[in-house]
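*Asks:* Provide a 3D model corresponding to the input given below.
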Amino acid sequence: MTAEAYGHGRRPVHEQAVDGLGTVRVLRVEPKADLDVIHGWVTAERARFWGMGGFSKEQVLQTYELLDSLDTHHAFLAVLDGVPAALFQTYEPTADRVGECYEAEARDIGVHLLIAPARGDGGHRGGPAPLRHQA
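*Replies:* Numbers count the residues shown, from 1 in each chain. Below you'll find the model as predicted:
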């Protein structure tokens, strides 16, 4: 018997089978449903540049509920073969403080990407493998 795939029953914004990698599903972050996964990733030492190292679960939840309420910022989970593999966020730099650092244009899109930690079982998640494959 296999475990149920992460996000089973949720409609992906994108799904694609990638030769040599597996099936990638992109899900919109649902702050409450995804809290355990996201909190574990964004508070880890390896994610210190994410800026949430000391955040409690409640603070992470509030952050992602705020992002979920904005039209200019979006958070997604990439799920590879039923296992969460990456968190990424897109945003409009003109609506973010990064837009203060350069002359942002209305059509610019920013992206933050956090790859899941290694699984520890020799699997292909946790490294740059998803980034090497092109659809």
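*Asks:* Show me the longest helix that occurs in the protein.
*Replies:* In the chain, ranked by residue count with DSSP state H as the criterion, the top helix is helix 57-69.
*Asks:* and the next element down the chain from that helix?
*Replies:* Once the chain leaves helix 57-69, the next helix or strand it forms, by DSSP states H and E, is strand 73-80.
*Asks:* tell me what that following strand is packed against?
*Replies:* Contacting strand 73-80 under the criterion 3 or more C-beta pairs under 8 Å, 6 or more residues apart in numbering; DSSP states H and E are the following elements: strand 22-28, helix 57-69, strand 83-91. Quick note: C-beta positions are derived from backbone N, CA and C, even for glycine.
*Asks:* now the angle from it to strand 83-91?
*Replies:* When axes from the mean of the first three to the mean of the last three C-alpha atoms, to 10 degrees is applied, the directions of strand 73-80 and strand 83-91 differ by 160 degrees.
*Asks:* Going forward, the N-terminal residue is numbered 62.
*Replies:* Let's use 62 as the start, then, which means that last one is strand 134-141.
*Asks:* Any buried residues in strand 134-141, and which?
*Replies:* Within strand 134-141, the residues that qualify as buried by neighbour count (16 or more other C-beta atoms under 10 Å) are 134-141.
*Asks:* Mind picking the one among the residues you listed that's closest to Val121?
*Replies:* For Val121, the closest of these turns out to be Ala136, at 11.2 Å, with distances computed as C-beta to C-beta.
*Asks:* Next, count neighbours for the residue nearest to that closest one when sequence neighbours are not counted.
*Replies:* With sequence-adjacent residues excluded and distances taken as C-beta to C-beta, 6 or more residues apart in numbering, Ala136 is closest to Val90, at 3.8 Å. Around Val90 sit 21 other residues, with neighbours defined as other C-beta atoms under 10 Å.
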